[in-house]
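> only the shape, not the letters, is given here:
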Ligand code: FAD
């Protein structure tokens, strides 16, 4: 393959990567962003950029023959999954032995597929999560900056109380309050004014047309509508899509050399190329960045990478569960795909839980209330490099998820008791009530202060950085992307001031 040279490379285009690319570009550093997925900006034959959750097609999944939705069934019927043609689709479910990890693929990474919930952790929690980071500038400067850049906003309260599309959230709030739990509004990057106009029938529907997890055609300010155009607008950032970094090495003069593979949308390999750079930023996500570093260390390319690499991985205590609603407690046929409320039990010393009231945008009355509970499970797994398959392995045992289930159960048992309701046992393929064999929130592997210094510089090597969710040791107690973004803002500022 050919070889090109650029001053800086950013691997990936999720929260950490997009933030870093903007700050490098703004500082005048010519930067190349490499993303293995495609750019999602053009409509298909049906006039839509993305497919919805109810009729998934090839665009939904990263090279699968069948979709793998988180809600496996309703009344044990596999109503949601479909056979699809293998394609560079937007949602990937990475399979490991006892844990699956959902990630976004495409320009914008997880921002394309996620629920848009923009949560800033409480300051005391932040100090516990990242004890090596001074909270003062985070809360004075970087969190507000991240929220502003991401477009976090909240619904008009009067509209929220009135609209059919949040009947499901108001019902869950009522049930939680009956058991003595408080709820809180959760800011979102979906434009709530656009959603209000969707409900009024004034604009094309997206959140109100079951668009979530496979992308949103309208309304959502994913990174390809915020940080990434700003980065490209500096004139110093170039984006190369459908390009996967397979490995990298370092030459004697300190130059990093990446091996990349270009594919087409059907997965055909179109060529390989080497890209050389002076500064290398890894923003490939918790699994992606950790895998690249482990491969570099364990194949001998960068033998001095630290021993803590791969450690302190966690699923952010994720547990999904459903409750059965009474026949008279209907939630309506239209549910906004973007969550707006959380049950806030974070201050309970025994069972701290932040539970997002999740939609079931099935287009039918399901009599189910769904939740994604974020618990503070202290269990940690480990990412390892498996030489035989040249890939990462996630060491996480299903039993390690039990503390998450216990905490969620303590909260939702009380909600069920207070309301005379029960769990749903028909949603996750078998009869389990709690599903925690997958996570939406992979965190850790290149933990700040262990594998890197306090600003994301990888120990043992110069001009090598980690910028994404792998910096955070396994848990944030709330949805993580605002924290990933704010931390990337903070680290980029320091690195630009000192290393360039
Ligand atoms: P990512 O966003 O994962 O980006 C990594 C990028 O790197 C990807 O685009 C990937 O394709 C690319 N990449 C990986 N490896 C390579 C390689 N070798 N070469 C080239 N490119 C590569 N969080 C919240 O805060 N609120 C929510 O409401 C929320 N809901 C979610 C719902 C779903 C369904 C999912 C899956 C996640 C959700 N999350 C939510 C989590 C959030 O999206 C992630 O925490 C976040 O995207 C992680 O950011 P990141 O920068 O670490 O990496």
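All right, it came through fine. Nothing here was measured: the structure is a model prediction, and the numbers come from that model. Numbering: from 1, shown residues only.

> tell me the SS of the residue in the stretch 101-250 of the chain that the ligand sits nearest to?
Nearest to the ligand in the stretch 101-250 of the chain, going by Cβ to the nearest ligand atom, is residue 110, at a distance of 2.0 Å. Glycine gets a C-beta too; all of them are placed from N, C-alpha and C. Using DSSP: H, G, I helix; E, B strand; the rest coil, the structure places residue 110 in helix.

> so what's it closest to, chain neighbours aside?
Residue nearest to residue 110 in three dimensions, not counting chain neighbours: residue 104, with 4.2 Å by Cβ to Cβ, 6 or more residues apart in numbering.

> how about residue 208?
residue 198 (4.6 Å).

> what number of residues lie near the one you found?
23 (other Cβ atoms under 10 Å).

> next secondary structure element downstream of whichever helix or strand it is part of?
Assigned by DSSP states H and E, residue 198 belongs to helix 192-199. Using DSSP H and E, the helix or strand that follows helix 192-199 towards the C-terminus is helix 227-233.

> so which residues make contact with that next one?
Residues from elsewhere that reach helix 227-233 (Cβ atoms under 8 Å, 6 or more residues apart in numbering): 13, 18-19, 21-22, 25, 31, 33, 107-108, 149-150, 237-239.

> same check, this time on stretch 65-74
Applying Cβ under 8 Å, 6+ apart, the contact partners of stretch 65-74 are 53, 56, 60-61, 78-86, 93, 100, 102, 213, 320, 360, 362, 366, 368, 370, 426-429, 435, 438, 440.

> run the last query once more with 6 Å
Residues from elsewhere that reach stretch 65-74, judged by Cβ atoms under 6 Å, 6 or more residues apart in numbering: 56, 60-61, 80-84, 93, 366, 427-429.

> would you map the helices across this protein?
15-26, 123-129, 135-137, 143-150, 157-162, 167-178, 192-199, 227-233, 285-298, 402-419, 481-499 (DSSP state H).

> check which helices and strands the third one is in contact with.
Okay, so that is helix 135-137. For helix 135-137, the packing partners by 3 or more Cβ pairs under 6 Å, 6 or more residues apart in numbering; DSSP states H and E come out as helix 123-129.

> only the buried residues of the helix it packs on, if you could.
Applying a neighbour-count criterion of 16 or more other Cβ atoms under 10 Å, one finds 125-126, 129 buried in helix 123-129.

> as TSV, those with distance to the ligand and pLDDT would be great.
Shown next, in TSV, are the buried residues of helix 123-129 (distance: Cβ to the nearest ligand atom, whole Å; pLDDT from 0 to 100):
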residue	distance to the ligand	pLDDT
125	14	94
126	14	96
129	14	93
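
> got the confidence number for the closest residue to residue 161 other than its chain neighbours?
Excluding the flanking residues, the one nearest residue 161 by Cβ to Cβ, 6+ apart is residue 170, at 7.2 Å. According to the prediction, residue 170 has pLDDT 98.

> residue 170: neighbouring residues, count only.
Neighbours around residue 170, by other Cβ under 10 Å: 18.

> can you check the one 4 residues further on too?
Applying other Cβ under 10 Å, we find 12 other residues in the vicinity of residue 174.

> before we move on, what about residue 386?
Residue 386, neighbours per other Cβ under 10 Å, totals 12.

> could you do residue 300 as well?
Per other Cβ under 10 Å, the neighbour tally for residue 300 reads 8.

> same check, this time on residue 370
When counting by other Cβ under 10 Å, one arrives at 22 neighbours for residue 370.

> got the residues of this protein near the ligand?
Residues of the chain lying close to the ligand (Cβ under 6 Å from any ligand atom) are 11-17, 34-37, 102-105, 109-110, 113-117, 213, 244-245, 283-286, 288, 440-441, 468-469, 479-481, 484.

> apply 5 Å and report the result again.
12, 14-16, 36-37, 102-103, 105, 109-110, 113-115, 117, 213, 244-245, 284-285, 288, 440, 468-469, 479-481, 484 (Cβ under 5 Å from any ligand atom).

> from the contact counts, what lies against the top strand by length along the chain?
Counting residues, the longest strand found in the chain (DSSP state E) is strand 269-282. Where contact means 3+ Cβ pairs under 6 Å, 6+ apart, strand 269-282 is packed against strand 3-11, strand 256-263, strand 464-466.

> make it 10 Å
Judged by 3 or more Cβ pairs under 10 Å, 6 or more residues apart in numbering; DSSP states H and E, the packing partners of strand 269-282 are strand 3-11, helix 15-26, strand 31-34, strand 243-250, strand 256-263, helix 285-298, strand 464-466, helix 481-499.

> neighbours of the closest residue in space to residue 151 that isn't next to it in sequence, how many?
For residue 151, ignoring the flanking residues on the chain, the nearest one in space by Cβ to Cβ, 6+ apart is residue 221 at 3.8 Å. Counted with other Cβ under 10 Å, the neighbours of residue 221 add up to 22.

> which one of the buried residues of helix 123-129 is nearest to residue 498?
Lowest distance from residue 498 to those (Cβ to Cβ) belongs to residue 126, with 23.6 Å.

> wait, that closest one sits on residue 475?
No: using Cβ atoms under 10 Å, residue 126 makes no contact with residue 475, being 11.7 Å away.

> shaky segments in the stretch 301-450 of the chain?
Along the stretch 301-450 of the chain, no part satisfies pLDDT under 70.

> all the strands of it, residue numbers only.
With DSSP state E, counting those that start in this stretch as the criterion, the stretch 301-450 of the chain has strands at 318-324, 341-345, 353-358, 368-375, 382-386, 391-395, 422-423, 434-435, 438-439.

> what are the pairing partners of the fifth one, and which direction each?
This means strand 382-386. If you go by DSSP bridges, strand 382-386 pairs up with strand 391-395 (antiparallel).
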